[in-house]
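# could you work out the structure for the sequence below:
(one chain, ligands or ions: 1)
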Amino acid sequence: MSRRQWFRRSGAAAAGLALAPQLAGAATPLSAPPRVANGPIRLSSNENPYGPSAAARKAMQAAFEESWKYPYAGAASDFIDLIAEREGVTPEHVILGGGSSEILHATGLAYGLHGGELLAAAPTYEGMPRYAGKVAAYTHRVPLNDALEHDLEAMEGRITQAVKLVFVCNPNNPTGTIVDAAALRDFVTTASRKAVIFVDEAYIELTDDPAANTMVDLVRKDHNVIVSRTMSKIYGMAGLRVGYALARPDLADRVKTYGMAGPNVVGLRGAIASLQDDAFREHSLSQMRKGRHLIYDLCKEKGRQHADSQTNFVFFHTGMPIRDFQEAMYDEGIMVGRAFPPYLDWARVSIGTDDNMAAFATAFRKVMS
Ligand code: PLP
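Residues are numbered from 1 along each chain as shown. Down below sits the predicted model:
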């Protein structure tokens, strides 16, 4: 792919370009992934370069022995049972996906087909609205508030009879912001009487208080709510494609109808090991927090505003068109996130390894000077 093509796709993989040397990831006792020797540093897709954990890698190697079998012969039900136990729901509440993307797509079809309309913030994660758009489902948009958070009051006022599903990304991508847990709980409780509320919790484990921030208690209370999660972020397994969601069994069945592939045995065994690896999760969390603060400090140094992130990325004001910032950073060997209208002079940068972040700091200072 040419440099030009990468910018056109903006955010897609650009492996093999070798514009600048990739710095080696710092080895840790928990994960010592050998990093790609060359190619730009990927701070563009909110991946976690520390994963998969050593325990997950070991479990995945062992899983080759059972990979002649279909996932439903054991790995899928073991994963579902583990999730059900951890979340205090029944296995019938659990939906599996090839990444949470499959669940976002399936849900977009389940509620967007036959004239169903969706409601979502702008900007937010586009996986579901974009996919539902392919079956001509219209998504109503509600701008974020001044703190770049979901404007729940405005969203509630926009739910009409035609709106079948409300998408809430919490924390939100691309801003990294989280809404107050009590306010969201009130919103979901009330609004779910009018439409299904889908809460995308891809980054929930990276928040300061995941237990308070999750809406899974409303699933347990039989509300009209679907909560999705992924193994791609804090667990660093984006390439293995394992995601899941939790919902009342009738909602779960409706979404499952539209599923297409689901995860594979190797990914599922890695996910089972990862979920039980508290040390690795803590390690990832502390690295991501450290990275957030490094970017905050750089923003402060250059007098730039940033959103308060509870994720593994930071959204900040560059003061230049995002395309110019992307290109200048790319020339320094760093890939950053794409444009997120209407914030066309803001950038989203994912947290990488310590070495990646040191390289980012050098490039940032040069580009922003
Ligand atoms: N939801 C959000 C908010 C995301 O940011 C992403 C990926 O970046 C996804 C879902 C999809 O992740 P995956 O399909 O890897 O689970």
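
# could you find the closest non-adjacent residue to Asp78?
Ile272 (6.1 Å; Cβ to Cβ, 6 or more residues apart in numbering). For the C-beta atoms, the positions are set from N, CA and C on the backbone; glycine is no exception.

# tell me how many other residues surround the one you found.
Using other Cβ atoms under 10 Å, Ile272 has 22 other residues around it.

# return the residues in contact with it.
Contact analysis of Ile272 by Cβ atoms under 8 Å, 6 or more residues apart in numbering lists 59, 75, 78-79, 82.

# state the helix or strand in which it lies.
With secondary structure defined by DSSP states H and E, Ile272 is part of helix 265-275.

# contacts for stretch 180-197 next, please.
Taking Cβ under 8 Å, 6+ apart as the rule, stretch 180-197 contacts 111, 119, 150, 152, 155-156, 159, 163-166, 168, 170, 199, 209, 212-213, 215, 217-218, 223-226, 251.

# just checking, which of these belong to helices?
Per DSSP state H, helices hold the following members of the contacts of stretch 180-197: 111, 152, 155-156, 212-213, 217-218, 251.

# helix, strand, or coil at Gly259?
coil (DSSP: H, G, I helix; E, B strand; the rest coil).

# just to revisit the earlier point, among the ones in helices among the contacts of stretch 180-197, who's most crowded?
Tyr111 (27 neighbours).

# just to revisit the earlier point, so which pair among the ones in helices among the contacts of stretch 180-197 is furthest apart in space?
Tyr111 and Ala212 (27.8 Å; Cβ to Cβ).

# make CSV from the ones in helices among the contacts of stretch 180-197 and add distance to the ligand and pLDDT to it.
Converted to CSV, the ones in helices among the contacts of stretch 180-197 look like this (distance: Cβ to the nearest ligand atom, whole Å; pLDDT from 0 to 100):
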residue, distance to the ligand, pLDDT
Tyr111, 17, 97
Leu152, 17, 98
Met155, 17, 98
Glu156, 21, 97
Ala212, 19, 98
Asn213, 14, 98
Asp217, 20, 98
Leu218, 19, 98
Leu251, 18, 98
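
# where's whichever residue of the stretch 51-200 of the chain sits closest to the ligand relative to Val225, distance?
The stretch 51-200 of the chain approaches the ligand most closely through Gly99 (2.7 Å), counting by Cβ to the nearest ligand atom. To Val225, Gly99 is 21 Å away according to Cβ to Cβ, to the nearest Å.

# now swap in Glu301 and tell me
Taken as Cβ to Cβ, the span from Glu301 to Val225 is 42 Å.

# ditto for Val89
12 Å.

# then Phe313?
Taking Cβ to Cβ, one finds Phe313 at 25 Å from Val225.

# thinking again about what came up before, now the contacts of Ile272 as CSV including secondary structure and neighbour count?
Output for the contacts of Ile272, formatted as CSV (DSSP: H, G, I helix; E, B strand; the rest coil; neighbours: other Cβ atoms under 10 Å):
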residue, secondary structure, neighbour count
Ala59, helix, 21
Ala75, helix, 24
Asp78, helix, 14
Phe79, helix, 25
Leu82, helix, 17
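
# distance to the ligand and pLDDT for those - can I get that in TSV?
Supplementary listing: the contacts of Ile272 in TSV, determined by distance: Cβ to the nearest ligand atom, whole Å; pLDDT from 0 to 100:
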residue	distance to the ligand	pLDDT
Ala59	19	98
Ala75	18	98
Asp78	19	98
Phe79	14	98
Leu82	17	98
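
# helix or strand: which one has Val314?
Going by DSSP H and E, Val314 is in strand 313-317.

# please list the outside residues in contact with that strand.
46, 148, 173-176, 292, 295-296, 299, 304-307, 309, 337, 340, 343, 345-351.

# just the buried subset of the residues you listed, please.
By neighbour count, with 16 or more other Cβ atoms under 10 Å, the contacts of strand 313-317 hold 46, 148, 173-176, 292, 295-296, 299, 304, 306-307, 309, 337, 340, 343, 346-351 as buried.

# assign a three-state SS to Phe280, would you?
Strictly by three-state DSSP, Phe280 counts as helix.

# surely it touches Asn48?
No. The pair Phe280 / Asn48 is not scored as a contact, 10.3 Å apart, by Cβ atoms under 8 Å.

# sorry, back to before: out of Phe313 and Val225, which sits in the busier spot?
The neighbour count for Phe313 versus Val225, taken as other Cβ under 10 Å, is higher for Phe313 (30 against 25).

# I'd like the distance between the nearest residue to Ala361 once chain neighbours are set aside and Thr311.
Setting aside the residues directly before and after it, Ala361 is nearest to Leu298 in space (Cβ to Cβ, 6+ apart), at 6.0 Å. Distance of Leu298 to Thr311, computed by Cβ to Cβ: 17 Å.

# state the pLDDT value of Gly352.
Note on Gly352: pLDDT of 97.

# contact partners for Met128?
Contacts of Met128 (Cβ under 8 Å, 6+ apart): 104-105, 107-108, 118, 120, 167, 198, 200.

# neighbour count and pLDDT added to these, as JSON lines?
Putting those into JSON lines (neighbours: other Cβ atoms under 10 Å; pLDDT from 0 to 100) gives the following:
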{"residue": "Leu104", "neighbour count": "28", "pLDDT": "98"}
{"residue": "His105", "neighbour count": "23", "pLDDT": "98"}
{"residue": "Thr107", "neighbour count": "32", "pLDDT": "98"}
{"residue": "Gly108", "neighbour count": "28", "pLDDT": "98"}
{"residue": "Leu118", "neighbour count": "26", "pLDDT": "98"}
{"residue": "Ala120", "neighbour count": "24", "pLDDT": "98"}
{"residue": "Phe167", "neighbour count": "27", "pLDDT": "98"}
{"residue": "Phe198", "neighbour count": "27", "pLDDT": "98"}
{"residue": "Asp200", "neighbour count": "28", "pLDDT": "98"}
